[in-house]
Structure formats: structure tokens, C-alpha cells
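Undergrad: Kindly return the folded structure for what I paste below:
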Amino acid sequence: MGEFTYFSFGEFACTHTGKNLIEEGFVLKLDELRGLCGFPFVITSGYRDPSHPEEARKAKPGTHAQGIAADIKVANGAQRALVVKHALELGFNGIGVAKTFVHVDTRPSTLVMWTY
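TA: Model prediction:
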């Protein structure tokens, strides 16, 4: 794994199995997003092994299981807005907005956004 400014590889390990197949290119892009936002990112979910309970219930592997997604903890609406604004600028194609986190991913499709 390459060098990251704001993250360590271990931050993205599956909370269920400890495995970590996060893609380096995804973390580099996330590192750039963190720099633009200007506040620390706590990753609440990074790589998820296919056996992770959230993934096991899905018909096909989600973006977390593909190693191209992360959930970023946010404290307020200003942080949510910054993450979404800059994620769009950087070309993240999947953005999910919840009260306490923002999901970002680099799915190979057209832009999609949702709320939780």
C-alpha cells in the first residue's frame, strides 16, 4: 500500500473479519477529499468482507465488499455538506447521506445519491 496523508491502511479493515481489501486508488481519492474538507475523517465502515452481516444479506457484493467505499462520520450539517460538495467535485459516483455519516464510493456507473 502506498503512503497516505491522512489515513492508515488499517483504518479500512473489516470490523467483522479483520480482512482488508480496500483499493489503494480509492484511499488516495479519499485522502484528497479529506484534504479539501479540512476536518478529520473517522471511517466508520471501510472494506467489508462478503461474510460481514451487512454484505451477506445482499444479492451481490456491494461497494464496501469491492473495496471502493467508505462511510465517513460527520458531526453536523456543515460537515455533511462539505463532504458531499467535494465528493461530487472529485468524481465519487455513489454518495449516501445519513444523519451521522456520509457514504462515498467510486462505483463504475453514473452518479447516484441517496439518503438513509
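
Undergrad: Pass me the low-pLDDT residue ranges in the chain, would you?
TA: For the chain, the stretches with pLDDT under 70 are 1-2.

Undergrad: Spatially central, which residue of it would that be?
TA: residue 70 (1.6 Å; Cα atoms, centre = their mean).

Undergrad: buried stuff in stretch 84-93?
TA: 84, 86, 87, 92, 93 (16 or more other Cβ atoms under 10 Å). All C-beta atoms are positioned from the backbone trio N, CA, C, and that covers glycine.

Undergrad: Skipping its backbone neighbours, what lies nearest residue 109 in space?
TA: residue 93 (5.9 Å; Cβ to Cβ, 6 or more residues apart in numbering).

Undergrad: any idea how far the one you found is from residue 75?
TA: 25 Å (Cβ to Cβ, to the nearest Å).

Undergrad: ok, of the buried residues of stretch 84-93, which one's closest to residue 60?
TA: Set against residue 60, the nearest of those by Cβ to Cβ is residue 93 (16.9 Å).
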